[in-house]
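[1] let me see the structure of the following:
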Amino acid sequence: MKEAVLKVYEKILGLKRLKRTGWIQRGIPDPESVAAHSYAVALLSIILAYIRGINPADAALIALIHDLPEADTGDLTPQMKKNAENLSELELQAIKKLAEAVPEPAASKILEAWTRYREGSDAAARLVRAVDKLEMGLQALAYIRGGHPEASEIYESALKEVEDDELRSILREAAGELT
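    This is a model prediction of the structure:
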């Protein structure tokens with residue numbers, strides 16, 4: 001058990017240190033980490049899951065592990081993902097390697113949750129996928145309001161990528177006077 005906890009914590013540390021590439025590319029000082037993003041996605045997913053009658057624990061699990069492969073692959077922008085060879089396979093191998101390091105039933109639950117996220121195969125997974133983009137847009141707005149208009153490109157991208165009408169409306173309303 002000790003080895004499993006230490007292996008998972010090694011990945012957690014990696015995500016805590018890994019700054020989000022899109023913000024770095026836009027010159028945002030002290031940008032959020034992947035772990036901070038995942039935490040925000042998890043909290044928003046829990047709240048929205050309760051509101052929508054989706055199992056909040058299920059949504060939280062998916063949200064907390066959705067970016068775990070990035071501890072190995074790095075945080076890739078959408079453009080970088082388009083140009084990456086075998087990214088899906090690399091992500092799958094990263095999550096499988098982590099799952100192999102932990103005992104059952106945790107191993108299969110982690111792998112299953114991540115696969116559901118990747119495929120968007122159920123309501124909880126689709127919610128987290130949408131919240132992932134919503135959070136990106138909300139973070140962009142926070143950076144814009146903090147004096148970094150260069151984040152507006154990411155806000156616009158998030159607005160296009162949020163397919164859930166209600167969440168897209170929330171993102172638009174959050175923009176307020178900026179749009």
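[2] what comes up buried for the helix or strand bottoming out on mean pLDDT in the chain?
    In the chain, the helix or strand scored least confidently by mean pLDDT, DSSP states H and E is helix 78-83, which has a mean of 79. Residues of helix 78-83 include none that count as buried (16 or more other CB atoms under 10 Å). (Glycine included, C-beta is placed from N, CA and C.)
[3] swap in stretch 2-21?
    Of the residues in stretch 2-21, those buried (16+ other CB under 10 Å) are V8, K11, G14, L15, L18, R20, T21.
[4] okay, now the nearest residue in space to the third one that is not next to it in sequence: neighbour count?
    Taking CB to CB, 6 or more residues apart in numbering as the measure, G14 lies nearest to A71, with 3.8 Å between them; neighbours along the chain are not counted. With neighbours defined by other CB atoms under 10 Å, the count for A71 comes to 23.
[5] residues in contact with the one helix or strand A71 maps to?
    Here A71 sits within helix 70-73, counting by DSSP states H and E. Helix 70-73 is contacted by residues 10-12, 14-15, 18, 34, 76, 87, 90-91, 94, 97 when judged by CB atoms under 8 Å, 6 or more residues apart in numbering.
[6] mind redoing it with 7 Å?
    K11, G14, L15, L18, V34, L90, E91, A94 (CB atoms under 7 Å, 6 or more residues apart in numbering).
[7] in it, what counts as buried?
    Quick answer for helix 70-73 (16+ other CB under 10 Å): E70, A71, T73.
[8] between the residues you listed, which is closest to K109?
    In terms of CB to CB, no member of the buried residues of helix 70-73 lies closer to K109 than A71, at 18.1 Å.
[9] after the least confident helix or strand of the chain, which helix or strand is next?
    helix 87-101.
[10] and for R126, the neighbour number?
    18.
[11] same question, the one 4 residues further on
    Other residues within reach of A130, judged by other CB under 10 Å, total 21.
[12] do the same with K160
    Residues near K160, counting by other CB under 10 Å: 11.
[13] which element, helix or strand, includes it?
    Using DSSP H and E, K160 falls in helix 152-161.
[14] buried residues in that helix, which are they?
    Going by 16+ other CB under 10 Å, helix 152-161 has these buried residues: S152, I154, Y155, S157, A158, L159, E161.
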